[in-house]
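> Sequence isn't available, so here's the structure alone:
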C-alpha cells in the first residue's frame, strides 16, 4: 500500500485545516440566507460555533505539536498556517457578530421577540430577573477569588466572567464567576405586553453581581472561556481491559492543555498576562471574541412557533407484502436501497427486530461506531441474545466524544449475553455493517445491511446516507470473513487482503482498488473512449489518491467531485486539474453519504461506503465500500448524484483559490435544490410505498 505523498510533478494542494475553515464559513453563510426559516438560521450559527470549538480542541493542538517538532523550514510554514487560521477565524467571527446584530436580532424584533444582545436590560425587567437569580440561578453560581491560592482550574468550554473590584494591589479584587449553563438554560424568556423578551443567563448574573459582592465596587466585567485539547492518545497498546483504560482517559480529557483563550475585548494586557500565569495558559492561542461565548447554545433559544423551523418532512416507508410478510424474504428476492432521511428509518429497525424474533435466525453480526443515546437497535440486539441467537457486536470504543456512551452500551450488551469485540488498539473500525445468518434445515441464507453512515436512529433524521440490504452471497461471505478477522483483534491484518474481491476494505485493498478503477478510466481516455469519475464524500485529503485524480485529469478523464468538508485537491488548474470540478452542498440535512461512480465505458461501476479519502481512513481504519450490482438501484444512485451535481440553489463551487463560489443560476435554467428534488424523486419512484409524517 502506498502511503503519504511526495507532491510529485509540481502538484499543489490546499492545506486541510484552511480548507475545513472554508466549509465552516459556508455553514455561516447559510445563517445569512433570508429564505431559510429564522430558527434554522440561528441553528446554523450554533453549528458554526460548535464546529469551531471542536476545531480548537482537536486540530489546533495537532498543528501546534507538529510545528514544535518540525525542522526550522517546516516550522516556519506551519506557524504561518496557524497565523492564517487565527486571522481567518477572527474574520469569520466578525461576520458571525454582524449576522446576529444586523440580521437575526432585526428579524426577531419583526416577530415581536426581543433578544437582549450587548444592551442594558430595561428597569421593568430587573425585579423579575433578580427574583429568578435568587430562586434558581444562585444555587449554581461559583465565585473564585484569584488573589488567593485556591487551585482553581477552568473547565473546558465553560463560560466565566472575569470581575474586577476596587482593590489596593494589582491582583486584589480579581474574581472569576461561573456561568452555570450546563445546569440551567442559557436563555430566560419573559413577556411584557405583546413582546417576548429573551435574556442571556450571562446578563442575568451581571445584573445581580452586586448581590455577589455586596461590600465592593465593581469596576469591570468581561467574559471568557478556555478550550482544551481533546486528544486522548488512544492509539497506544493498552494492557488489560481497554474499556477501563478509555474510561480513565475520558475523565482526563477535560483537564487537557489549553488550546484557546477566547475573551471579551476590554481585558487589559497586564491582566491577560496574569491570567496566563495563574490559569496555566502557556500553550493557548489568545483570541479576542465577542461579549458572549459558547454560542452553540443559540440552538436552545425558546422559539416555539412552527414557522420558525423547516416544514415537517414526509418520509417514505417500505411496506412488506402480506400481513406476516418478511423483510428477509423480500431482500432474498431483490435488494433494497434506502436513501436517508428521505426514507423512513423503520425499515432499518425492522431488519434488527425481525432478526431478534425470527426462530430461523442463528447468528447476527454488527459493527457499531456511534450508538444512539437511547438505541432501539441495541435493544433489539439484546433481545436477540436473550432469545437464543448468537450475537456478535464490534463496538468502537474510540469514537471521539462518543466513548462513554459506547462503553455504556457495550456493558449492557455484554451483560445480556452479546459477544462484544472491543476496540483494536491502534486501529479504528469505521465500517457500517450488519449480517444475519438464517438457517432452515440444511439451507443457509445470509442477509446483509451495509451503510454509508452509523446505525444510529437519531442522526438518521438529519444525515443523508445510503443503506443497502442485500442477499448477494459472495459479498456477504466476504462480510462474514471480515467479522472473523475483527474477532482476532489484530492490528496487522494486511495478509488477509486476498479474501476480498467484492468489498473494498481499508488497510487491505481499498486504496489499491480505487487506484485501479481510476487507472481503468485513464486507459479508456487514452484510447479515445469517454471516461469519467463522479465521487461524493465528506473529506478529501490523501495525497496518493489526489495525485491519481490529477493524473486522470491530465489524461482527459472528466471528474466531478462533491465534497462537503475538507478538500485538499485544487480544482481547475491547467496542466494539473483542469478537468476536475469540486462542488459543496450545505442545506437542511448534513450531506454524509459516500458514493463512487466509475463510467467504465458506459457500464458504470458503483460503490457506496463508509470511507472518506482522508489519511486516517486510508491508513489507520477498517473501512468498507460495497458494490451496487442491481441495475435499477444503480440508476437510482445515478439520478440522485446527478441532481446533486445540478444543484444551483444550495451548492457552491470550490475554485483554485480555496473559495466558495455560488453556482450561477441563469434565467433559462430551472432552480434545482437537490435535497428537495431527491425527496421528490424518492417519493415518486418508490414502489409499494406509503407516505407518513415523520419528525423533522
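In hand now; what should we look at? Because the structure is a prediction, the values reported are computed rather than measured. Residues are numbered from 1 along each chain as shown.

> Strands of the stretch 351-500 of the chain, start to end?
Remark: strands assigned in the stretch 351-500 of the chain by DSSP state E, counting those that start in this stretch are 361-368, 390-395, 419-421, 428-429, 433-440, 443-451, 463-470.

> Where in the protein is the helix or strand with the lowest mean pLDDT?
Lowest by mean pLDDT, DSSP states H and E among the helices and strands of the chain is strand 689-693, with a mean of 41.

> picking that back up, confidence-wise, which of the strands of the stretch 351-500 of the chain is weakest overall?
Ranked by mean pLDDT, those bottom out at strand 428-429, with a mean of 89.

> I'd like to know which elements that strand is packed against.
Packing contacts for strand 428-429, counted by 3 or more Cβ pairs under 8 Å, 6 or more residues apart in numbering; DSSP states H and E, involve strand 621-622. Bear in mind the C-beta positions are built from the backbone N, C-alpha and C, glycine included.

> Run through the neighbouring helices and strands of the longest strand along the chain.
Among the segments of the chain that qualify as a strand by DSSP state E, the longest is strand 218-228. Counting contacts by 3+ Cβ pairs under 8 Å, 6+ apart, strand 218-228 packs against helix 38-69, strand 159-165, helix 209-212, strand 258-263.

> list the buried ones in the longest one?
Residues of helix 38-69 classed as buried under the neighbour-count rule (16 or more other Cβ atoms under 10 Å) are 38-39, 41-53, 55-57, 59-61, 63-64, 67.

> A helix includes residue 35, no?
No - Residue 35: not assigned to a helix; according to DSSP: H, G, I helix; E, B strand; the rest coil it is coil.

> Quick check: phi and psi on it?
Note on residue 35: its backbone torsions stand at phi -80, psi -10 [degrees, to the nearest 10].

> again, but for residue 534
Backbone geometry at residue 534, expressed as degrees, to the nearest 10, gives phi -120, psi 130.

> What residues sit buried inside the longest strand of the chain?
Those would be 218, 221, 222, 223, 224, 225, 226, 227, 228, for strand 218-228 by 16+ other Cβ under 10 Å.

> sorry, back to before: can you tell me which of the strands of the stretch 351-500 of the chain is nearest to residue 610?
The closest of those to residue 610 is strand 443-451. By Cβ to Cβ, the value is 7.5 Å.

> Mind giving me the packing neighbours of the closest one?
Secondary elements touching strand 443-451 (3+ Cβ pairs under 8 Å, 6+ apart): helix 327-333, helix 346-357, strand 433-440, strand 463-470, helix 473-487.

> ok, now which ones touch residue 430?
369, 396, 506, 610, 611, 617, 621, 622, 623 (Cβ atoms under 8 Å, 6 or more residues apart in numbering).

> can you put those residues in JSON lines and add distance to residue 498?
As requested, those are arranged in JSON lines below (distance: Cβ to Cβ, whole Å):
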{"residue": "369", "distance to residue 498": "26"}
{"residue": "396", "distance to residue 498": "25"}
{"residue": "506", "distance to residue 498": "16"}
{"residue": "610", "distance to residue 498": "22"}
{"residue": "611", "distance to residue 498": "20"}
{"residue": "617", "distance to residue 498": "22"}
{"residue": "621", "distance to residue 498": "20"}
{"residue": "622", "distance to residue 498": "16"}
{"residue": "623", "distance to residue 498": "18"}
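
> right, and the pair among these with maximum separation?
Using Cβ to Cβ, the pair of the contacts of residue 430 lying farthest apart is 396 and 611, separated by 14.6 Å.

> Give me the pLDDT value at residue 645.
97.

> Also residue 58?
Listed pLDDT for residue 58 reads 84.

> Could you do residue 289 as well?
Residue 289 carries a pLDDT value of 87.

> And for the one 3 residues further on?
The predicted local distance difference test score for residue 292 is 95.

> Name the SS class of it, please.
Recorded secondary structure, residue 292: coil (three-state DSSP).

> before we move on, back to that, can you add distance to residue 309 and pLDDT and give the buried residues of strand 218-228 back as JSON lines?
Output for those, formatted as JSON lines (distance: Cβ to Cβ, whole Å; pLDDT from 0 to 100):
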{"residue": "218", "distance to residue 309": "40", "pLDDT": "92"}
{"residue": "221", "distance to residue 309": "35", "pLDDT": "95"}
{"residue": "222", "distance to residue 309": "34", "pLDDT": "96"}
{"residue": "223", "distance to residue 309": "29", "pLDDT": "96"}
{"residue": "224", "distance to residue 309": "33", "pLDDT": "96"}
{"residue": "225", "distance to residue 309": "28", "pLDDT": "94"}
{"residue": "226", "distance to residue 309": "33", "pLDDT": "92"}
{"residue": "227", "distance to residue 309": "30", "pLDDT": "89"}
{"residue": "228", "distance to residue 309": "33", "pLDDT": "86"}
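
> Among these, which one lies nearest to residue 681?
For the buried residues of strand 218-228, the closest approach to residue 681 (Cβ to Cβ) belongs to residue 227, at 41.9 Å.

> list the contacts for that closest one?
Residue 227 makes contacts with 53, 56, 57, 156, 157, 258, 259, 260, 262, 284, as judged by Cβ under 8 Å, 6+ apart.

> can you check residue 293 too?
Counting by Cβ under 8 Å, 6+ apart, residue 293 touches 159, 223, 224, 225, 262.

> same question, residue 676
Residues near residue 676 by Cβ under 8 Å, 6+ apart: none.

> could you pull out the helices for the stretch 551-696 of the chain?
Using DSSP state H, counting those that start in this stretch, the helices found in the stretch 551-696 of the chain span residues 615-619, 631-645, 674-685.

> neighbours around residue 71, how many?
As a burial measure, residue 71 scores 7 neighbours (other Cβ atoms under 10 Å).

> Next: residue 308.
18.

> How about it, nearest residue that isn't a chain neighbour?
Leaving aside its sequence neighbours, residue 308 sits nearest to residue 39 (Cβ to Cβ, 6 or more residues apart in numbering; 3.8 Å).

> That neighbour contacts residue 307, correct?
No - taking Cβ atoms under 8 Å as the definition, residue 39 is not a contact partner of residue 307, at 9.1 Å.

> what separates residue 185 from residue 15, distance-wise?
39 Å (Cβ to Cβ, to the nearest Å).

> Those two: who's more crowded?
Taking other Cβ under 10 Å, residue 185 and residue 15 do not tie; residue 15 has more neighbours (18 against 13).

> what residues are up against the more buried one?
81, 568.

> ok, 6 Å please
Residues near residue 15 by Cβ atoms under 6 Å, 6 or more residues apart in numbering: residue 81.

> I'd like to know the phi and psi angles of it, please.
Note on residue 15: backbone dihedrals following degrees, to the nearest 10 are phi -70, psi 130.

> Okay, domains of the protein per the record?
Domain assignment for the chain by automatic domain parsing gives 8-308, 314-499, 504-693.

> Show me where the stretch 1-150 of the chain has its strands.
Under DSSP E, counting those that start in this stretch, the stretch 1-150 of the chain gives strands at 113-115, 143-145.

> nearest to residue 329, of those?
Of the strands of the stretch 1-150 of the chain, nearest to residue 329 by Cβ to Cβ is strand 113-115, at 53.7 Å.
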